[in-house]
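Peer 1: What follows is a protein structure lacking sequence information:
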Ligand code: DC
């Protein structure tokens, strides 16, 4: 008999802007595996909370939304996130939503409420899971684990370029401060803080191209 525990998982954890999303999607596509963007779950929760006018630090109210929200992912091209049946994909990528997501993600009962939802993504033939606690809490027994990072300056520069290309008016100094603040919150929280999982392969992408990072991760799975 085989169970979910036999389905291979590659976890990619790391701070925001390290390139996890691009790398994870490319690897999932190459391997033909499923993809879990756990950040999108916390981002969707942040949107649900903001839309309802609930304070981001109202523990009980935020946890109640986490338990009751109806979240669905459409893996099409482009992929879609449906919150209570409404497509919110165009709203998940902003800095405001990312920062709000980091705040609601620090709440213990919220993380508990979302644990099972994330584990359900573990389906044959395999899963690439991207987040902060994929290798430590959600899939601690994953076969392959990567911790992907880059310097805060490099991550801010990449994000700056992305936002500028989208025509958004942003300041590099402000982005750097926000990224550092978010990192600190994600690393220092009590519940499932961002840290490298035991046995994870450490990759610093500061001086690597996306293709080089993808190759390293694929080599781990194909070894
Ligand atoms: O990966 P991201 O930037 O989309 O994530 C947004 C926020 O969500 C991040 O700052 C912290 C939180 N998060 C988390 O706590 N645990 C995860 N597994 C993924 C994201």
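Peer 2: All right, it came through fine. Computed from a predicted model, the values in this text were never measured in an experiment.

Peer 1: and residue 120, how far is that from residue 136?
Peer 2: Using Cβ to Cβ, to the nearest Å, one obtains 19 Å as the distance from residue 120 to residue 136. Where you see a C-beta, it was placed from the backbone N, CA and C, and this is true even at glycine.

Peer 1: what about the two, which has more around it?
Peer 2: residue 136 (22 against 10; other Cβ atoms under 10 Å).

Peer 1: Any stretches of the protein with poor pLDDT?
Peer 2: Counting by pLDDT under 70, the low-confidence segments of the chain come to 1-2.

Peer 1: So which bits of the chain are right by the ligand?
Peer 2: Proximity of the chain to the ligand, by Cβ under 6 Å from any ligand atom, involves residues 16, 38-39, 42-43, 98, 101-102, 105, 131-133, 182, 186.

Peer 1: For those, please prepare TSV with the additional fields secondary structure, distance to residue 92 and neighbour count.
Peer 2: As requested, the residues of the chain next to the ligand are exported to TSV (DSSP: H, G, I helix; E, B strand; the rest coil; distance: Cβ to Cβ, whole Å; neighbours: other Cβ atoms under 10 Å):
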residue	secondary structure	distance to residue 92	neighbour count
16	coil	13	23
38	helix	12	22
39	helix	9	19
42	helix	10	25
43	helix	4	25
98	helix	9	20
101	helix	9	24
102	helix	13	25
105	coil	14	28
131	strand	14	27
132	coil	16	25
133	coil	19	24
182	helix	15	20
186	helix	17	21
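
Peer 1: Now the two most distant members of those.
Peer 2: The distance between the two most remote of the residues of the chain next to the ligand (Cβ to Cβ) is 16.5 Å, for 98 and 133.

Peer 1: isn't residue 139 right up against residue 122?
Peer 2: Yes. Contact criterion Cβ atoms under 8 Å: residue 139 and residue 122 qualify, at 7.2 Å.

Peer 1: Name the residues contacting each of these two.
Peer 2: Here residue 139 and residue 122 have residue 9 as joint contacts, going by Cβ atoms under 8 Å, 6 or more residues apart in numbering.

Peer 1: So those two - more neighbours on which side?
Peer 2: Using other Cβ under 10 Å, the more surrounded residue of residue 139 and residue 122 is residue 139, with 26 against 21.
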